[in-house]
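Asker: what follows is a predicted protein model with its sequence.
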Amino acid sequence: MKEQLEKIELAAKAELEKISDAKELDDLRIKYLGKKGELTAILKQMASLSAEERPVIGQLANKIRADIEEAISARGSELKAALAEKKLKEERLDVTLPGKLQTIGKLHPLNAVMNEIEEIFLGMGFDIAEGPEVEYDYYNFEALNIPADHPARDTQDTFYITDNILLRTQTSSVQIHVMENKKPPIRVISPGRVFRSDAVDATHLPLFHQIEGLVVDKGITMANLVGTLDMLMKRLYGEDCKIRLRPHHFPFTEPSAEVDVLCFNCGGKGCSMCKNEGYVELLGAGMVHPKVLANCGIDPNEYSGFAFGLGLERVVMRKYGINDLRLLYENDLRFLDQF
Ligand code: DAH
């Protein structure tokens, strides 16, 4: 029996050497030390031993059991350490490798400036109104005091869906929707796309953006208009920015003006950008025509208002010194990345 025990110990230790993972180790433990294991099987035969032999063999068996247990646990630690080592090697980070550049998208300059203008007006207590791009003739022209035979229609030729329905040529159409739906006080801007049947060149596209403004209340005067636009331009172009109003004609405002800003390229001295004027034209504006108020059910004897229409592309081109409108629509990243 002594020999059998020693054989088991040798066999267990030899097998241990070949073991390469925790599962195998566990199987080995069961094979030798488990309830149905080889060592237990031998111990069961102890009863057949003589009284002198029993304690000797018993001691030996306990020692061998302890030895095998220790060897298993030592092998277990070895395996664990080897696994950790392997993991460390596999997951090693080379912090000296060059980094991978993440390309982060950004807003198109038209959207960025549009957002900026919206923020400025929201800060002044304006709401943002939306109107349809496919519009009735009535809202785009008629209600804005531009009847069918009015020469102003020639400068705003557009795309017709039917005789009566068209792609809007100006965001001024939203003025009518707003005044039809809301009684004064009104203070809104309406940014959006407009369309004209124009040939494409450096300053014309069949699609562009405008930002309309409308304020209607009791006692609104030209001074409110000038103050609002002055504030807008100072926020957009800096505190040094000055505006200038020139008399003009729009059918839906009376009086009407074209509004210029001091040329920020030359500061008013005159340069190629402002065609030696010292100022550049940015928008149309005026006091809402009494007929337009009346068309929307607002009494012009009680209320007055101002309106303006700003060309977004122009603002962006002036802001960044871009000289060809088409660049803004070509989606060339070499161009767009500059802003
Ligand atoms: N809608 C005009 C245009 O497209 C611009 C404009 C002029 C809008 C005067 C206004 C305004 O609201 O009062 O040319």
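Answerer: Now that the structure is in, tell me what you want to look at.
Asker: can you pull the contacts of residue 166?
Answerer: 134, 135, 136, 137, 140, 158, 159, 160 (Cβ atoms under 8 Å, 6 or more residues apart in numbering). In short, each C-beta sits where N, CA and C put it, glycine included.
Asker: you'd agree it is in a strand?
Answerer: Yes - counting by DSSP: H, G, I helix; E, B strand; the rest coil, residue 166 is found in a strand.
Asker: now the contacts of residue 166 as a markdown table including secondary structure and neighbour count?
Answerer: Putting the contacts of residue 166 into a markdown table (DSSP: H, G, I helix; E, B strand; the rest coil; neighbours: other Cβ atoms under 10 Å) gives the following:
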| residue | secondary structure | neighbour count |
| --- | --- | --- |
| 134 | strand | 11 |
| 135 | strand | 24 |
| 136 | strand | 18 |
| 137 | helix | 19 |
| 140 | helix | 26 |
| 158 | coil | 21 |
| 159 | coil | 14 |
| 160 | strand | 12 |
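Asker: how about those, which pair is most distant?
Answerer: Largest separation among the contacts of residue 166 by Cβ to Cβ: 136 and 159, giving 14.1 Å.
Asker: interface residues of the protein facing the ligand?
Answerer: Within the chain, the positions adjacent to the ligand are 170, 172, 212, 250, 253, 284, 285, 286, 307, 308, 309 by Cβ under 6 Å from any ligand atom.
Asker: returning to what we had before: of the contacts of residue 166, closest to the ligand?
Answerer: Within the contacts of residue 166, proximity to the ligand (Cβ to the nearest ligand atom) peaks at residue 140, which comes in at 9.7 Å.
Asker: okay, the closest one: pLDDT?
Answerer: In this model, residue 140 is scored at 97, pLDDT.
Asker: buried residues in the helix or strand bottoming out on mean pLDDT in the chain?
Answerer: Scoring the helices and strands of the chain by mean pLDDT, DSSP states H and E places helix 38-44 at the bottom, with a mean of 79. For helix 38-44, burial by neighbour count (16 or more other Cβ atoms under 10 Å) applies to 38, 39, 42, 43.
Asker: which residues sit in contact with the residue of the stretch 151-300 of the chain found nearest the ligand?
Answerer: Nearest to the ligand, among the residues of the stretch 151-300 of the chain, is residue 284, at 2.7 Å (Cβ to the nearest ligand atom). Each residue near residue 284 by Cβ under 8 Å, 6+ apart is listed here: 248, 250, 253, 256, 257, 258, 259, 308, 309.
Asker: biggest helix in this structure by residues?
Answerer: helix 53-90 (DSSP state H).
Asker: for that one, packing partners?
Answerer: Helix 53-90 makes packing contacts with helix 2-18, helix 22-33, helix 38-44 when contacts are defined by 3 or more Cβ pairs under 8 Å, 6 or more residues apart in numbering; DSSP states H and E.
Asker: what's the shortest one packed up against?
Answerer: Judged by 3+ Cβ pairs under 8 Å, 6+ apart, helix 38-44 is in contact with helix 2-18, helix 22-33, helix 53-90.
Asker: repeat that with 6 Å
Answerer: helix 2-18, helix 22-33 (3 or more Cβ pairs under 6 Å, 6 or more residues apart in numbering; DSSP states H and E).
Asker: got it, and the first one?
Answerer: Applying 3+ Cβ pairs under 6 Å, 6+ apart, one finds that helix 2-18 makes contact with helix 38-44, helix 53-90.
Asker: name the residue of the stretch 1-150 of the chain that lies nearest to the ligand.
Answerer: residue 144 (8.0 Å).
Asker: how about that residue, phi and psi?
Answerer: As for residue 144, its main-chain torsions (degrees, to the nearest 10) stand at phi -90, psi 20.
Asker: how much space between the nearest residue to the residue of the stretch 151-300 of the chain closest to the ligand once chain neighbours are set aside and residue 269?
Answerer: Distances taken as Cβ to Cβ, 6 or more residues apart in numbering put residue 309 closest to residue 284, at 5.2 Å, once the chain neighbours are dropped. From residue 309 over to residue 269 the distance is 29 Å, taken as Cβ to Cβ, to the nearest Å.
Asker: have a look at these two and say which one is more surrounded.
Answerer: residue 309 (22 against 10; other Cβ atoms under 10 Å).
Asker: residues in contact with the helix or strand harbouring that one?
Answerer: Assigned by DSSP states H and E, residue 309 belongs to strand 304-311. Residues from elsewhere that reach strand 304-311 (Cβ atoms under 6 Å, 6 or more residues apart in numbering): 172, 210-216, 220, 225, 253, 283-285, 287-288.
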